[in-house]
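Novice: below are the sequence and a predicted model; questions follow.
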Amino acid sequence: MFASLAHSSSRRACEGHPLPFGRAWLMAGGAVMALAALPGTALARDADQGGDQPASIRVVGHPDPEGLLPDQSAAKSVSAVSSAFIEKQAPTMNAFQLVNLLPGANVAMTDPFGLSTSSSLTLRGLGQDEIGVLMEGAPQNDIGYYYAYPAQFADAENLRQIALSQGSVDLDAPIVNGAAGLLSLSLDDPHKAMGGLIDGSLGSYNERRIFARFDTGDIGQSGLRAFISYSNNRADNWRGPGYDTRQHVDAKLLKEWGEENRASIAVSFNDARNSTYLSPTLSDWQTYGRKGAGTNLDASYDGGDANYWRLYRQPFRNEYVSAPVHLKLGDRLTFDSTFYLQYGYGDSPYGTQLTTDGNYLGTQALSQPIALPGAVDGAATVLGNYIGSQFRTGDVAKLTYKAGAHTLTAGLWFDYGSDHDTQSFTSLNADGTPVDPWGYDAKAIHTADGRLLAIENITTKTVTKGFFLADSMAITPRLKLDVGFKGVDVLHNGQNWLPGPQGNVRFDSFAALPRAALHYQLDDRQQLFANVTTNFRAPDQYTMYDTYDGYGGVASQGTTALKNEYSMSEEVGYRWQGRNLSASLTAFHYNFRNRQLATMVDVGGALINTTINAGHQTSYGLDGEIDWRPVEGVSFYASGEWLHARLGDNLPVDGDVLPTHGKVAPASPQVQFGLGGTYDDKRLFGSVALKYVGKQYSTFMNDESIPGYATLDLSLGVHLGPWLDQKRTDLRVNVINLTNPHVLSGVAGITSNAQDTPGTGGTLIAGSSPTYYIGSGRAFVVTLARAF
């Protein structure tokens, strides 16, 4: 997931949202769920049933045909949605949208179809760059800035389950930013019987999508089976000009042999072109609303217009490979390994102006003018590129040995990443379209002596090495104690290629992460659990680099003195898992040191995504969820969270200090709740999902906020197979944001204070306006799916 591009201790964001670079490697193969089974079951064929029978959700204690709140047995809070719920939603939805109902998940989406890179997921008030994301065991977060981009995850038809661990990451997870928790996507296996699925969708705003998948079934007596899927999606922007396109290919090859042995390789390719949704200030929102000129890009090009929508169109192309292996080496010993490989290239551009004279490379003035096509009076509008080219590979491996009441685990993790980020410039054609929308160096603007004209040009090599040890002890048949330790070293070794005071940079950090957990099985339905976990977020690589203002000065100075964000969290929880009722309740507490908050600042007219060290923070609260299944085919679900998040330090700003101690942490709603339901009588089916998110502050001083809001999604469908030829055929209509609320859905850019505020030292600290995501409008999607 290499998507991010940034300046030194910051990253550029296109008009108020983080760069989407790398969004695509997250889509490793999977199996079709959406309509590959009989009504009322998960729609993927079960690998153990030869592919001819409908799958059922595998659970420990009770069947959950509706796909909400599957059984859990971990000694920590875990929520999940399974394929039987996912298949009822619009197939355009991404993983963030699909987990929106789960406790603690605060999802801000700016488009209804899940294509936009302008989105956000926070957990218990902790940001998206602090949530680890795995796909089939392989890390999906950007190696540079730690964001993950759901528009690039696997197609919904291929998802078996999405699990959300709100408090911590697994000990063996290859993640360096797991302070908030873990989002883990599981893909179905290739089917044992030859077959496939085709579905097509049409919707509002010229939405049109096609998905096709083919399964080979068992290939002779080889033990191999495979699938390949392709999807193509296009939709106009629901507000403002522009449109989004996405093509995606998933393929997976699986071999199973002997007792419990299996190996697979998944390959994923993604090609996307996305437009930009602006993130307004509160004043702009109140003045222009959702579709005014001040909150949208320009539809047509008027000579010199740097706000033309085609200058903000983002092309990305990525590949992803994952190869998990599980071997049973003996009755007591197993070996697991997940090798992964990622590559991607993309541009997050913006419109800006250049002059032929007075330019700089870093701090070096250019003595000769640059050749600037289309210049009028020595100035021209150009495409400002923010290009990232990233390669990443790694492996996490472990041995597990069972010795009496003990299950011992020892493992190693190695990760290597290379990231080259450039902010260059490309000239425009007479109609305002870029000469090269990909921003390749060969067609970019150069200096008179042939050097690339750029205001950022950095290369970073990141090496991550980790080890972990664990012991799971069955103290009694009902009581289990888990203890573990993980050590992770993150080394950034970089080069700033621009002339100036900085050349080579190096930053090395180590995190020691002990943990312990208790799990007690009261009876076959009830569980108690408690845990103490340490987590960390390493400083991102961009904090090391100087950024330049384009006029020979240093806009911000990089540093290698930052410390890891470090958190200690505690949870105490209870679960009930019965045949018709499931429920969980978790109390949690966090204590943070060096709390790192993602935000955006304006540097030379460009919005830059950066990190603020907010010091100490304490958070505690309650998460709960319940799923009631009164009769077959009917499910009612509810979730909720109460959160108390407070800053523990005052905030240094501009040589003074803001009195932020005791203030509510930004983007941390005190109350959230979700209500959902599903229905399936084997002919008709449907679902409903209501989510409420409470008031959110957008500054450390709590002097600006957005009110709470609610969204409502609805699905209605019919199983046509019983009326046709008994083959699995479904028709459904999804309504996204049924009530069409005109709201700000989340905080895009946090600031220290919105209003001018006296510092503790007597200085008047000028306010700066936060920016926000505009909640998406109502949309309809009609989908017809046919299995064969």
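Specialist: Structure received.
Novice: burial measure for residue 727, as a count.
Specialist: When neighbours are counted by other C-beta atoms under 10 Å, residue 727 registers 10. (Each C-beta comes from the backbone N, C-alpha and C, glycine too.)
Novice: can you read off the pLDDT for it?
Specialist: The per-residue pLDDT reported for residue 727 equals 84.
Novice: isn't it up against residue 719?
Specialist: No - in this structure, residue 727 is not within contact of residue 719 by C-beta atoms under 8 Å, at 10.8 Å.
Novice: ok, residue 247 - how many residues close by?
Specialist: If we define neighbours as other C-beta under 10 Å, then residue 247 has 16 of them.
Novice: show me the beta-bridge partners of it.
Specialist: Judged by DSSP bridges, the bridge partners of residue 247 are residue 232, residue 271.
Novice: for residue 267, see how far away it is.
Specialist: 15 Å (C-beta to C-beta, to the nearest Å).
Novice: same check on residue 181?
Specialist: 28 Å.
Novice: these two: who's more crowded?
Specialist: For residue 181 versus residue 267, the count of surrounding residues by other C-beta under 10 Å is larger for residue 181: 27 against 19.
Novice: can you report phi and psi for residue 304?
Specialist: When read as degrees, to the nearest 10, the backbone of residue 304 gives phi 90, psi 0.
Novice: so it sits against residue 375, correct?
Specialist: No - assessed by C-beta under 8 Å, residue 304 is found out of contact with residue 375, at 10.6 Å.
Novice: looking at those two now, which is surrounded by more residues?
Specialist: Higher neighbour count among residue 304 and residue 375: residue 375, with 18 against 15, using other C-beta under 10 Å.
Novice: which ones are touching the more buried one?
Specialist: 355, 356 (C-beta atoms under 8 Å, 6 or more residues apart in numbering).
Novice: repeat that for 6 Å
Specialist: With contact set as C-beta atoms under 6 Å, 6 or more residues apart in numbering, residue 375 has these partners: residue 356.
Novice: can you list phi and psi of it for me?
Specialist: Torsion angles, degrees, to the nearest 10, at residue 375: phi -70, psi 140.
Novice: just to be sure, residue 767 is in a strand?
Specialist: No - with DSSP: H, G, I helix; E, B strand; the rest coil as the criterion, residue 767 is assigned coil and is not in a strand.
Novice: what's the neighbour count on it?
Specialist: Neighbourhood size, residue 767 [other C-beta under 10 Å]: 17.
Novice: try residue 630
Specialist: Around residue 630 there are 10 residues (other C-beta under 10 Å).
Novice: secondary structure class for it?
Specialist: The three-state assignment at residue 630 reads coil, by three-state DSSP.
Novice: so where is this protein shaky, pLDDT-wise?
Specialist: 1-67, 596-614 (pLDDT under 70).
Novice: let's see 50
Specialist: 1-65, 600-609 (pLDDT under 50).
Novice: give me the most central residue, it.
Specialist: residue 148 (3.4 Å; C-alpha atoms, centre = their mean).
Novice: and that residue, how far is that from residue 274?
Specialist: Residue 148 is 16 Å from residue 274, by C-beta to C-beta.
Novice: would you map the strands across the stretch 401-550 of the chain?
Specialist: Using DSSP state E, counting those that start in this stretch, the strands of the stretch 401-550 of the chain run over residues 406-426, 454-474, 479-496, 504-521, 526-537, 547-548.
Novice: and if you look at the stretch 251-400 of the chain?
Specialist: 261-274, 314-328, 333-347, 350-355, 360-361, 364-365, 379-384, 387-403.
Novice: show me where the stretch 651-788 of the chain has strands.
Specialist: 651-653, 656-658, 671-680, 684-693, 696-697, 705-706, 709-719, 729-736, 744-749, 757-758, 764-765, 771-774, 779-787.
Novice: residue 344 is nearest to which of those?
Specialist: Of all those, it is strand 744-749 that lies closest to residue 344, at 23.3 Å by C-beta to C-beta.
Novice: tilt between the closest one and strand 684-693?
Specialist: 50 degrees (axes from the mean of the first three to the mean of the last three C-alpha atoms, to 10 degrees).
Novice: I appreciate the help and will end here.
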